[in-house]
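[1] Build the 3D model from these lines:
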Amino acid sequence: MTNDASQSVGADLPRQGGAGRDIKVYLVGGGIASLATAAFLIRDGHVPGRNITILEESDRLGGSLDGAGSPETGYVVRGGRMLEIKYQCTYDLFSSIPTLDERQTVTQEIFDWNQVIKTGSKSRLVRAGCKLDSPRFGLGEKHILTLERLAIEPEALLGASAIEDHFDASFFETNFWLMWCTTFAFQPWHSAVEFKRYLVRFVHMIEGFSQLKGIMRTVYNQYDSLVRPLKAWLDERGVRHVLGAKVTDLGFTAVGADQAVDRILLDRAGKREEIAVGSDDLVIVTLGSMTEGSALGTTTTAPALNDKRDGGAWTLWETIAQGRPEFGRPATFADHIEESKWVSFTATQSDPTFFRLVRDFTGNVPGEGGLVTLADSNWLMSIVLPHQPHFIGQPKDVNVFWGYGLSVDRPGDFVDKPMAACTGRELMTELLGHLRILAEAPAILDHTLAIPCMMPFITSQFLPRAKGDRPAVIPKGWRNLGFVGQFVELPDDVVFTVEYSVRSAQAAVSSLLGLKTSPPPVYKGQFNPKVLLDAFSALHDLHL
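    Next up, the predicted model:
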């Protein structure tokens, strides 16, 4: 192995000075966890931006918070993360980040926007072509008692059990489960511990859950609204990002009684490179990836199903975890694609007919209604019509919406193929059939570019796990190494959220730099009597 990368990737960085915050920090991965880490390093740790390098395998930053495309080729968002008022780490971070036009902070923009466009679904479920406004949960007393037991049972007792281990089959036929699983993307075989965490974390939202009240959105897609302003702030401060840099391994050395990273091995432009890591430098790695191996189809082709070899995130975790149990067990999350995959799709339309028909049918203007789930769908398909434009620069005569399905291996109700094998046009055909849009269907299809996306690991973070499967943010016995992202262990908080990634970043920076500040505690509404009473009434359908 050569030292070429020390002279290339790190050549123009200042050398370690050994005092204050004049250290070098390498962030592996360019998603929101790494971007937030860089921001906290600068804001809270006073590390010069020029001393921070982000190593990203792909050709752009942002990770799972993506958004790209054009009216001509079709826009693509693999998904959209919902926000809510108790995401304290996220709002703390973005209270320091100005919007692209620099008129206010990103946090203030989000708060102001959600006063203008408040989520209040009038059509959370569609069944037999008819909308259901504020659907009853339909839970039996046994179901409710089980939910209450899960909420208070220690995680150690739940272990690696699945949700379906605690409920009979009737629970999974209730409207509560239908709305819960499609809002958060849970499957019956997913982790009971994670399900419990969600119950507790969002107990304050159960009262308005059938109308998605309390759900907050960004003005545009999250790449435009979150990633671009954050990247601009980091760029202004000299943070360096190296794209096309696939980190393949870390080198380790003993430092007294501890271990430390002393080099980073990577592939870049077809060449093997190595970065020397000083004794006081830091390496912070985003472990795993829920969008690793994502594959796009087109309006006329279906997406492929990739695996963990189609990218470097899982392989890196597997490599560094060999013989190091404190680094977690990546196989728990990476080796069960059939239990973690699903398909999303993004539709770009040059005709307003579909948006007009859905608006009139649901009673919600785009951006106001949130998720609409087709309760009869074999694919368990849902769609979201966001406020337009959804992309900065999107033309006024173009509309964009997003949808997904959880049961991708079952045949459709109007298209006799599994969702995973469908083209974008076939996905639209299935959707129009469920909405009973018949006469206008041919014209809508002709004016729609629908791009499906197969994501093999999209809910891998929900898979049943045991203690130790997810490593600590700072693994025990390591002095200059931290882990961030969706696959580290953060007590009380829930994965599949921007908040989890940002909280992990804040925790890593605080611990590695020995700061007095630390992430604010997770909101615990279960200790608020009014919140509990409201949730109790909602679970019993007494609030309707």
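[2] Run through who's touching stretch 130-140.
    The contact list for stretch 130-140, computed with Cβ atoms under 8 Å, 6 or more residues apart in numbering, reads 122-126, 147, 170-171, 174-176, 179, 210-211, 361-363, 375, 538-541, 544. Every residue, glycine included, has its C-beta placed from N, CA and C.
[3] How far does it stretch from one end to the other?
    Distance between the two ends of stretch 130-140: 24 Å, counting by Cα to Cα, to the nearest Å.
[4] repeat for stretch 283-295
    Start-to-end, stretch 283-295 (Cα to Cα) is 30 Å.
[5] ok, now stretch 336-348?
    32 Å.
[6] that older thread, return the members of the contacts of stretch 130-140 classed as buried.
    Among the contacts of stretch 130-140, those scoring as buried are 122-126, 147, 171, 174-176, 179, 210-211, 361-362, 375, 538-539, 541 (criterion: 16 or more other Cβ atoms under 10 Å).
[7] from the residues you listed, which ones fall inside strands?
    Among the buried ones among the contacts of stretch 130-140, DSSP state E puts 125-126 in strands.
[8] So which of the buried ones among the contacts of stretch 130-140 are in helices?
    Counting by DSSP state H, these place 147, 175-176, 179, 361-362, 538-539 in helices.
[9] can you pull the contacts of the residue lying closest to Pro325 once chain neighbours are set aside?
    The shortest distance from Pro325 to any non-neighbouring residue, by Cβ to Cβ, 6 or more residues apart in numbering, is to Gly468 (6.5 Å). Counting by Cβ under 8 Å, 6+ apart, Gly468 touches 325, 328-329.
[10] Mind doing that once more with 10 Å?
    Going by Cβ atoms under 10 Å, 6 or more residues apart in numbering, Gly468 touches 325-329, 332, 489.
[11] same question, Phe355
    By Cβ under 10 Å, 6+ apart, the contact set of Phe355 is 349, 365-366, 385, 388, 399-401, 444.
[12] Restricting to C-alpha, output the particular helix or strand that has Pro442 in it in PDB.
    Using DSSP states H and E, Pro442 falls within helix 441-446. Written as PDB, here are the backbone C-alpha positions of helix 441-446 (Å, rounded to 0.1, in the frame of the first residue of the first chain):
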ATOM      1  CA  ALA A 441     -56.300   7.500 -17.500                       C
ATOM      2  CA  PRO A 442     -54.900   7.300 -21.100                       C
ATOM      3  CA  ALA A 443     -54.100  11.000 -21.200                       C
ATOM      4  CA  ILE A 444     -52.600  11.000 -17.700                       C
ATOM      5  CA  LEU A 445     -50.400   8.100 -18.600                       C
ATOM      6  CA  ASP A 446     -49.200   9.800 -21.800                       C
END
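[13] Lys524 touches Asp492, doesn't it?
    Yes. Look at Lys524 against Asp492 with Cβ atoms under 10 Å: they come within range, at 7.4 Å.
[14] Common neighbours of those two, please.
    With Cβ under 10 Å, 6+ apart, Lys524 and Asp492 have common neighbours 200-201.
[15] what about the helix or strand containing Cys181, average pLDDT?
    Take DSSP H and E as the rule and Cys181 turns out to sit in helix 175-184. The pLDDT scores in helix 175-184 average 98.
[16] how far is it from where the chain is centred?
    Distance of helix 175-184 from the chain centroid (Cα atoms, centre = their mean, to the nearest Å) equals 17 Å.
[17] ok so, going back, out of the contacts of Gly468, grab the one that's most surrounded.
    Compared across the contacts of Gly468, Gly328 has the highest neighbour count, 25 neighbours, by other Cβ atoms under 10 Å.
[18] List the contacts of the residue nearest to that one when sequence neighbours are not counted.
    Leaving aside its sequence neighbours, Gly328 sits nearest to Pro471 (Cβ to Cβ, 6+ apart; 3.8 Å). Pro471 is in contact with 287, 317, 321, 324-330, 478, 482-483, 487-489, counting by Cβ under 10 Å, 6+ apart.
[19] now the helices for the stretch 1-150 of the chain?
    Applying DSSP state H, counting those that start in this stretch to the stretch 1-150 of the chain gives helices spanning 4-7, 32-43, 88-94, 106-116, 141-152.
[20] typo on my end, it should be the stretch 201-350 of the chain
    Going by DSSP H, counting those that start in this stretch, the stretch 201-350 of the chain shows helices at 222, 228-236, 313-321, 331-334.
[21] which one of the ones you listed lies closest to Ser340?
    Closest to Ser340 of the helices of the stretch 201-350 of the chain, according to Cβ to Cβ: helix 331-334, at 7.6 Å.
[22] now for that closest one, which elements pack on it?
    helix 313-321 (3 or more Cβ pairs under 10 Å, 6 or more residues apart in numbering; DSSP states H and E).
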